[in-house]
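Novice: My questions are about this predicted structure, shown below with the sequence.
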Amino acid sequence: MDGQNFTFNGLGDYLLVAAYSPGSNTTVMVHIRTVLVPDSSATRVSAVGIAYIAGTAAGQRLAVLEVRLGGAAPLSVFKETENITANLSASSSASSDPVFVTPYMAVQYRDDRVDVTSVSGPVITVRRHITSVFSFLTVQTTLSRVFTNNTRGLLGNMNENTLDDFTSENGTVFTLDLSGMEYYQSVGQSWRVEEMYSLLRAPYSYNSSHVPVFAEDLDLNSLPGVRGACGDSVSCLFDSIQANDTSVGVVTLNTQAVLMEQRSIEANIPPVISASSSPVNLDLGNNVAVQFNVTDPDGGGGAAPQVSLTHTGTFTTTPVILGTAPVYTVQLQINVSMTTVPSITITATDNAGANATFRPLLVFCPCEYGQTCRPLAQGQDSSGQDRGIIAQCNCNNSYTGPYCERDRDGCATALSTCPPSEECVDVPAPGFGSTCQITSVTSAVPATTAPVVTESTSSNIVAWLVPTIIVGVLLIGFFGIFIFVTYKKQGTVTYHVANNDGDIEKKKKNKGEVVPLSVINPSYESATVPRERNGTDSASCPQSPQNGAATAHTADTADENHDTYVNDAAVKDEADYHERAVDVQQSADVAKLVSAPSETNATATATPAKKDYPVIYL
């Protein structure tokens, strides 16, 4: 773990590393299984078991994965005893994200490589390698600094101190000058895992009679071309000679180079970005400058870190970084209300590839017309990875809407009540509330004169003017008819009387007035003429020369012969008589020539007192 190289040819299951995380109180444990190389006493790794454990290494195993050689695929992955290789190969690719196969571990699968990432941080990379004779696995562990002084196993204690890397299972620390045999017996074999505790499924490969070959027992120049391939790398030379194949040693050499590069990256201190922890308030339309410093504690190769920026949200102009090391600023401005949470991410990368990121908390206030936002609730500024918040607008009485973008209708509130004759009118923002007004009507005026606005509506005028006109016309009509009828009833009637000398005299009487015959001609007796037109009262008809008898007739059925009663001999012109005859109403007012002894008689016999009768024309 700290860069110390060694060779180990044990046969069986071994604890490669157990990394304990104090923060999460969990442990990631890795077991390896070694088997014999064909026709050799050398061993190779054939399977890797990875467990996520609650507490220390002796705690409850929450999840176990196994990666092994063989099967239908180059690498097979098991969750407990379930083969999940087909599912992983269908959902994974070189560019895809890891797939969580348990709540605690995610797997990224490729044909010759499997990366297992635990939620507590460690990444275990298992690669498959192929030679002309056999295949084998290499295992790479990547641990963060939180595991410092918290690792144990064949890989030793990670603490940047190589002197304690040869530590046995019981805690004994051995010096680095141990021979291969001494390391095997004192350190290596102490980390062997009994079958009942192994993370790996059968078959178990341990053989107590196995005696490995150690580096000090080999002629490191015995294989042609091995020095050219391995140089002075003991691990490369040993593996090449043990496998009788330089390609095996080259794999070891390359793996060591990757590990050293990884160690260099881990040893490098990334840049530091410092800035105010206060939220950055972005009001709509305002320009805000975010200032931050970037430093590199270990120099990073002597050059200042490269600083870059990414963002989300719709900014008025694309945010750019201004300034030079170590002080930088970013100008931010948003002019349009939006629903996408704004955010910026600042990344500083040194020459060694180490980087640091900074994401200031942006609080965007999208309110228009100068309206303000509500204060953040307690704890709301801890927005995790989003690091961006769209605050809620606090609109005053003049505006409404999510962004206070609309005028608040003062007439829509319960307080806005107006009389029926008036209309509610909203007070435009920035004012608020409403007023009651009579709707304006424009009067017709000459083109050169400004329109006269009266405080009345056409609908109200029609509402009372039309009924008034109709009622007035009806009253006038009824009044005229009344006057006409009254006048006609109360006027005078002109009548003509033919006297005994044959002359016709023109006389007048009031309508409805009863004219006794004695007035017309004193020589005749008077008679009361009934005036009811709809009753059954009757007057006696005088004796007619034709029938010599008087006949009773009702006023309603009287015809011309009974409108006036005449002597045939007295009629000078019968046609003139008919022209002058009046209707039944007028006939009821004419004195009838009767000779009745009493007004109560229903019928009477009339005896002419003289030869000739007077003739009356109306």
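Specialist: Nice, thanks for sending it over. Residues are numbered from 1 along each chain as shown.
Novice: in the stretch 351-500 of the chain, which ranges drop under the pLDDT threshold?
Specialist: 378-386, 414-415, 440-464, 485-500 (pLDDT under 70).
Novice: ok, 80 please
Specialist: Residue ranges of the stretch 351-500 of the chain with pLDDT under 80: 352-354, 376-388, 413-416, 439-467, 482-500.
Novice: just how off-centre is stretch 469-477 within its chain?
Specialist: In terms of CA atoms, centre = their mean, to the nearest Å, the centre of stretch 469-477 is found 62 Å from the chain centre.
Novice: Next: stretch 322-334.
Specialist: 36 Å.
Novice: Using neighbour counts, pick out the buried residues of it.
Specialist: For stretch 322-334, a neighbour-count test (16 or more other CB atoms under 10 Å) marks 325-326, 328, 330, 332-334 as buried. Every C-beta, even on glycine, is put in place using the N, C-alpha and C of the backbone.
Novice: what do you get for stretch 361-380?
Specialist: So for stretch 361-380, counting by 16+ other CB under 10 Å, buried means 361-369, 371, 373, 376.
Novice: So which of the buried residues of stretch 322-334 is the closest to Ile389?
Specialist: Using CB to CB, Ile334 comes nearest to Ile389 of these, at 13.1 Å.
Novice: what's the closest one sitting at in phi/psi?
Specialist: Dihedral angles of Ile334 (phi, psi; degrees, to the nearest 10) stand at phi -130, psi 120.
Novice: just checking, it touches Leu282?
Specialist: Yes. Between Ile334 and Leu282 there is a contact under CB atoms under 8 Å: 5.6 Å.
Novice: Output the lowest mean pLDDT helix or strand found in this structure.
Specialist: Counting by mean pLDDT, DSSP states H and E, the chain has its least confident helix or strand at strand 552-554, which shows a mean of 35.
Novice: any idea how far the residue nearest the centre of the chain is from Gly228?
Specialist: In the chain, the residue lying closest to the centroid (CA atoms, centre = their mean) is Thr339, at 10.8 Å. With distances taken as CB to CB, to the nearest Å, Thr339 is found 65 Å from Gly228.
Novice: circling back to that earlier point, shared neighbours of Ile334 and Leu282, anything?
Specialist: Counting by CB atoms under 8 Å, 6 or more residues apart in numbering, the residues touching both Ile334 and Leu282 are 342, 364.
Novice: ok, residues contacting stretch 105-118?
Specialist: Residues outside stretch 105-118 that contact it (CB under 8 Å, 6+ apart): 26, 28, 50, 52, 63, 65, 67, 73-75, 77, 85, 88-89, 92-94, 96-101, 104, 119, 123-128.
Novice: buried ones in that stretch?
Specialist: 105-110, 114-118.
Novice: Let's have these in CSV, adding secondary structure, distance to Phe174 and pLDDT.
Specialist: Shown next, in CSV, are the buried residues of stretch 105-118 (DSSP: H, G, I helix; E, B strand; the rest coil; distance: CB to CB, whole Å; pLDDT from 0 to 100):
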residue, secondary structure, distance to Phe174, pLDDT
Met105, strand, 33, 89
Ala106, strand, 37, 89
Val107, strand, 36, 90
Gln108, strand, 37, 89
Tyr109, strand, 39, 88
Arg110, strand, 38, 80
Val114, strand, 33, 90
Asp115, strand, 33, 89
Val116, strand, 31, 91
Thr117, strand, 33, 89
Ser118, strand, 30, 88
